[in-house]
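A.B. asks: Requesting a structural model of the entry that follows:
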Amino acid sequence: MEWKLDRTSKEPLFRQIARSFEKRIQSGELPPGAPLPPERKLAEELGVNRSTITAAYEELRASGLTQSVQGSGTCVSDHLWGVSPRRLPNWHQYTNGGSFLPTLPLSKRIREASADPRVINLARGQLSSDLFPEEALSDLLKSTPLTASLSYPDPKGDEIFRHTLSAHLQKHYGIEAAPEEILVVSGAQQALHLLTQCILSPGDAVAIEGPSYAYSLPLFISAGLRLFRIPLDEQGLLPDEVMSLYQKHKIRMVFANPTYQNPTGTTLSLARRKRLLQICEELRIPIVEDDAYGSLTLHGSQAPPPALMKLNQGGGSVIYLGSLSKTAAPGLRIGWVAGPRSVIERLADAKQQMDFGTSIVVQRLVESYLSSGQWERHLQRIRKELTIRRDVMLQALDQYVGDQVKWNMPEGSYHIWCRLRNAIPDREVLETGIQNRVLFLPGEIYGAERGYIRLTYAGVSESEIEEGITRFERTLQTVKNSAQI
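C.D. replies: Numbering: from 1, shown residues only. Predicted coordinates:
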C-alpha cells in the first residue's frame, strides 16, 4: 500500500486503516469480491502489530463492507444490503464536496462499452429510436401555443398539465388524485431523490425488492440509507418479510416496483398487494410504488392487478411514481408523483430549491400529447412491437443457449431475467461479452446473487436480437472453455 499511517493523529491506527479501505471500496478501486491483503503481510508492510490489522478488518466486517471467506481470508462484500450508514458518506457530506457518489464500477464499464457502435446493446433499458413518437411530437410542437408565462413555472407543475395528469391517472390506472396531489418531476429518478432527501433521514432503514433497480442507484447510499432486501418469487415480493424487517431493523419505508418488476419481470399478485398494504397500514409505513412499466402489457398476456395506489384509494399509505420514459421517450424528462397533499407540498418546496420547476415548454407539449389521444395510439404500437421482439429473443435463447440458461417469460415491459446454470463471476462474463461485442447487465448491479443476467429487447431490432444472442452464446462458451484450461 502506498498510503501511510499518520502516527501523530489522535485517530487510532486500526480506524485509519479501516477508513483507507473504506474509501477504496466506495471508489470502486476494490470491487465486490476483491481480496484484502493477508493480515500478517499487511501488518509487516505498515509496521504495526497484527492485532491492529485484525481490529481494522473486524471494523470493516461490522460495517458490512467486507466478509470472511473460509480458506480465502477477507474480501470485499458481494453486495451492500444492510450496510451501516455510519461507514458511508451521506448526502450532506457530498454537498460540501459538490458531487454525488460515483457511478458503480460495473455500470460505468457498461456505459463506456456502449459507446462502441459495433456493440449490440442488450443492456440499454429504453426503446429504440424508431419507436419514439418523433412525428407526433414534432407536429404538436408546431401547434402547441405557448400562452403560459415563460417565467419560472409553478414548482408543483403547470396547473393545466396537472389537471390532464389527474384525468390520465383516473382513465388508465383507476387512480383518483386531485391536481393538488400531483407533482411534476424530471423523471422518476428525480422523484426518488426528492423522497430520500425530504421524507427520510441519514441512518433510516428502507426495504426494497431483492433484486431491484433501486439497489443500483447510488442516491440511496448518498442519502445515508440502509437498504434491506424483501425476497421475491414468481408472484413478486413476499409481504410478510416486511413485518420481519420492521421487527429487526425498524424500516421506515418500502420501495416497490410491483408491476413487471425491474429486473425480474415479476408482477405482484392481487392477494399479495392487499397483504402488503395491510401490513404497511398496521405498521404505519408508507409505500413508494414505482409504476414505470404498468402500461406495457404485451399481447396475449392478462392485464396486471390494479396499482397499489388504486387499492389503497383514500388510505394515504402509497406514494405513486409514473413517467413517460418507458412508454414514450426518456428524453422528454417528464414524470409525476401522486400522493398525500402534505407530501406533495414538501417535495414541491424542495424541487423549487433544486431547479425552480420543470420546463413549461415540455409540460405543455406533453399535455397536448396526452390530451390529444396520441399517447394511447403510440402505446398500442409499442406494445405490439415489444411483443414481437420479446418472442424473437425467447426463440433465440431457446435455440442458442437453452442448455446453459434458464429464463422467465415476461408478460410485460422490456426485459428477460436469466439465470446461468453454471454461475460465473459477473465481471468475467461482462468483460468476455464486451470482447464479443455484446452488452447485458449482470445481476450484481441489482443486488442479485452471482449468475444472473438481465437481457433487454426494447432497444434493438429483431436482427440485432438474434445476432446479440449468438454473441451471448459465444461469450458463455468462451468463459466455459477458459475455466476448463
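A.B. asks: SS state for Leu455?
C.D. replies: Leu455 carries the three-state label strand when classified by DSSP: H, G, I helix; E, B strand; the rest coil.
A.B. asks: give me every residue that touches it.
C.D. replies: Leu455 sits next to Leu122, Met393, Leu397, Trp407, His415, Ile416, Cys418, Phe440, Ile469, Phe472 when contact means CB atoms under 8 Å, 6 or more residues apart in numbering. Where you see a C-beta, it was placed from the backbone N, CA and C, and this is true even at glycine.
A.B. asks: what bits of the chain have low per-residue confidence?
C.D. replies: Screening the chain residue by residue with the criterion pLDDT under 70, one finds the ranges 1-2, 27-28, 80, 82-105, 148, 483-485.
A.B. asks: Closest to the centroid, which residue in it?
C.D. replies: In the chain, the residue lying closest to the centroid (CA atoms, centre = their mean) is Tyr213, at 2.4 Å.
A.B. asks: what about it, distance to Ala123?
C.D. replies: Using CB to CB, to the nearest Å, we find Tyr213 at a distance of 13 Å from Ala123.
A.B. asks: picking up where we left off before, the residue nearest to the centre of the chain reaches Gly265, doesn't it?
C.D. replies: No: with contact taken as CB atoms under 8 Å, Tyr213 and Gly265 are classed as non-touching, separated by 11.7 Å.
A.B. asks: Kindly export stretch 243-258 (C-alpha atoms) in CSV.
C.D. replies: Taking C-alpha atoms only, stretch 243-258 is exported to CSV below (Å, rounded to 0.1, in the frame of the first residue of the first chain):
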residue,chain,number,x,y,z
MET,A,243,-43.1,-7.4,9.0
SER,A,244,-39.9,-9.3,9.8
LEU,A,245,-37.7,-6.5,8.5
TYR,A,246,-39.6,-4.0,10.6
GLN,A,247,-39.1,-6.0,13.7
LYS,A,248,-35.4,-6.4,13.1
HIS,A,249,-34.4,-3.1,11.6
LYS,A,250,-37.4,-0.7,12.1
ILE,A,251,-37.7,0.1,8.4
ARG,A,252,-39.4,3.4,7.7
MET,A,253,-40.4,3.0,4.1
VAL,A,254,-41.0,0.3,1.4
PHE,A,255,-40.0,0.9,-2.2
ALA,A,256,-41.7,-1.4,-4.6
ASN,A,257,-42.0,-1.9,-8.4
PRO,A,258,-45.0,-4.3,-8.3
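A.B. asks: when you give positions from now on, start the count at 829
C.D. replies: Done: numbering now begins at 829, and the last item shifts to stretch 1071-1086.
A.B. asks: Tell me the buried residues in that stretch?
C.D. replies: Applying a neighbour-count criterion of 16 or more other CB atoms under 10 Å, the buried positions in stretch 1071-1086 are Met1071, Leu1073, Tyr1074, Ile1079, Arg1080, Met1081, Val1082, Phe1083, Ala1084, Asn1085, Pro1086.
A.B. asks: and the helix or strand hosting Tyr1197, what does it pack onto?
C.D. replies: Remark: Tyr1197 resides in helix 1188-1199, with elements defined by DSSP states H and E. Using 3 or more CB pairs under 8 Å, 6 or more residues apart in numbering; DSSP states H and E as the contact definition, the elements that helix 1188-1199 packs against are helix 962-971, helix 987-1001.
A.B. asks: Check those helices for me and report the most buried one.
C.D. replies: helix 987-1001 (a mean of 19; mean count of other CB atoms under 10 Å).
A.B. asks: Kindly export it (C-alpha atoms) in PDB.
C.D. replies: These are the backbone C-alpha positions of helix 987-1001, laid out as PDB (Å, rounded to 0.1, in the frame of the first residue of the first chain):
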ATOM      1  CA  GLU A 987     -51.800  23.600 -13.400                       C
ATOM      2  CA  ILE A 988     -53.300  22.700 -16.800                       C
ATOM      3  CA  PHE A 989     -50.900  19.800 -17.100                       C
ATOM      4  CA  ARG A 990     -51.700  18.600 -13.600                       C
ATOM      5  CA  HIS A 991     -55.400  18.600 -14.400                       C
ATOM      6  CA  THR A 992     -54.600  16.500 -17.500                       C
ATOM      7  CA  LEU A 993     -52.400  14.100 -15.400                       C
ATOM      8  CA  SER A 994     -55.300  13.800 -12.900                       C
ATOM      9  CA  ALA A 995     -57.600  12.700 -15.700                       C
ATOM     10  CA  HIS A 996     -54.900  10.400 -17.200                       C
ATOM     11  CA  LEU A 997     -54.300   8.600 -13.900                       C
ATOM     12  CA  GLN A 998     -58.100   8.100 -13.500                       C
ATOM     13  CA  LYS A 999     -58.700   6.900 -17.000                       C
ATOM     14  CA  HIS A1000     -55.800   4.500 -17.400                       C
ATOM     15  CA  TYR A1001     -55.000   3.300 -13.800                       C
END
